[in-house]
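In: test case, fold it:
(one chain, ligands or ions: 1)
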Amino acid sequence: MSTNAAFPPYEMTTDAGGFEGIDVEVAGAIAEKLGLELVVDDMGFDAALTAVQTGQSDIAMAGITVTEDRKEVMDFSDSYATGIQVVIVKEDSPIATVDDLANAEMIGCQKATTGYIYCSDTPENGGYGEDHVTAFDTGALAVMALVNGQVDAVVIDNEPAKSFVAENDGLKILDTEFAVEDYAIGLAKGNTALLEAVNAAMADLKADGTFQGIVDKYITAE
Ligand code: ARG
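Out: I've put the predicted structure just below:
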């Protein structure tokens, strides 16, 4: 499994040097069902997507949003979660809604993510233009830049956003959502045998409660 373990609560590193998170545990449970051993390979998010396309990994699991462009270069399992792109700002920010993002001097995103792709698009396509978006290697670095005043807002998936806001004083998540997306496991194009096996294993894990048990461990219901 190729991933980018800087995306809580889906994938993160442990103090002991291992990996944990929803994706890591679900992938482990899928592997067990299939009689396989899970090996987690941590890399940049863009590299994690490329790795599965080139056969360096068998699956990519990294809170990956299904998009039409990505579907041209990889296959996706059935979706296993909803992701929402949200906006993080400082508590005293003049940016109060998603519409105010148009006034932001600089927006921070994680490199190669859908947040970056949407925000850096042209204004005609609903974005803010490349000049107004900075790509960081991780979401945590984008949030650090927000804390330091180098960017005015960060656009990122809602679950990592909650965890970054909890870790840093003076930040908040806007109530209005930027985009709603589906997460799925990425596979090499045409790897139908593994795709079907993964979908079947996932369906079993959902039916027997294992999947929900893993989610509940990491995401507490409000
Ligand atoms: N859902 C977003 C996307 O697919 C961000 C995923 C980032 N994942 C990560 N492990 N860093 O573009």
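
In: ok, residue 111 touching residue 136?
Out: Yes: with contact defined as CB atoms under 8 Å, residue 111 and residue 136 form a contacting pair (6.5 Å). The C-beta positions use only the backbone N, C-alpha and C, and glycine is treated the same way.

In: which one's more surrounded, the two?
Out: residue 136 (21 against 18; other CB atoms under 10 Å).

In: off-centre distance for stretch 113-133?
Out: Centre-to-centre, stretch 113-133 and its host chain are 17 Å apart (CA atoms, centre = their mean, to the nearest Å).

In: same deal with stretch 33-46?
Out: 16 Å.

In: just the CA atoms of that stretch, as PDB, please.
Out: Extracted in PDB, the C-alpha atoms of stretch 33-46 (Å, rounded to 0.1, in the frame of the first residue of the first chain):
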ATOM      1  CA  LYS A  33      -9.200 -11.400   4.400                       C
ATOM      2  CA  LEU A  34      -7.300 -12.100   1.200                       C
ATOM      3  CA  GLY A  35      -4.500 -14.000   2.900                       C
ATOM      4  CA  LEU A  36      -2.000 -11.300   2.200                       C
ATOM      5  CA  GLU A  37       0.500  -9.400   4.200                       C
ATOM      6  CA  LEU A  38       0.100  -5.600   4.400                       C
ATOM      7  CA  VAL A  39       3.200  -3.600   3.800                       C
ATOM      8  CA  VAL A  40       2.800   0.200   4.100                       C
ATOM      9  CA  ASP A  41       5.100   2.400   2.000                       C
ATOM     10  CA  ASP A  42       5.000   6.100   3.100                       C
ATOM     11  CA  MET A  43       5.900   8.800   0.500                       C
ATOM     12  CA  GLY A  44       4.600  12.100  -0.800                       C
ATOM     13  CA  PHE A  45       0.900  12.200  -1.800                       C
ATOM     14  CA  ASP A  46       1.700  12.600  -5.500                       C
END
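
In: need the contact list for residue 129.
Out: 120-123 (CB atoms under 8 Å, 6 or more residues apart in numbering).

In: the residue most central in space within the chain and the ligand, how far apart?
Out: Centroid-nearest residue in the chain, with CA atoms, centre = their mean: residue 63, separated by 3.7 Å. Applying CB to the nearest ligand atom, to the nearest Å, the value for residue 63 to the ligand is 4 Å.

In: that residue: what's its closest spatial neighbour, skipping adjacent residues?
Out: Using CB to CB, 6 or more residues apart in numbering and skipping residues adjacent in sequence, the residue nearest residue 63 is residue 10, 4.3 Å away.

In: and the strands in the protein?
Out: 2-3, 6-7, 11-13, 19-20, 41-42, 74-76, 81-90, 107-110, 133-136, 153-157, 171-173, 179-183, 186-188 (DSSP state E).

In: before we move on, the earlier item: of the contacts of residue 129, closest to residue 199?
Out: Taking CB to CB as the measure, residue 199 lies nearest residue 121 of the contacts of residue 129, at 31.5 Å.

In: for residue 178, see how far away the residue nearest to the closest one when sequence neighbours are not counted is.
Out: Spatial nearest neighbour of residue 121, chain neighbours left out: residue 127 (2.9 Å); criterion: CB to CB, 6+ apart. Going from residue 127 to residue 178 by CB to CB, to the nearest Å gives 11 Å.
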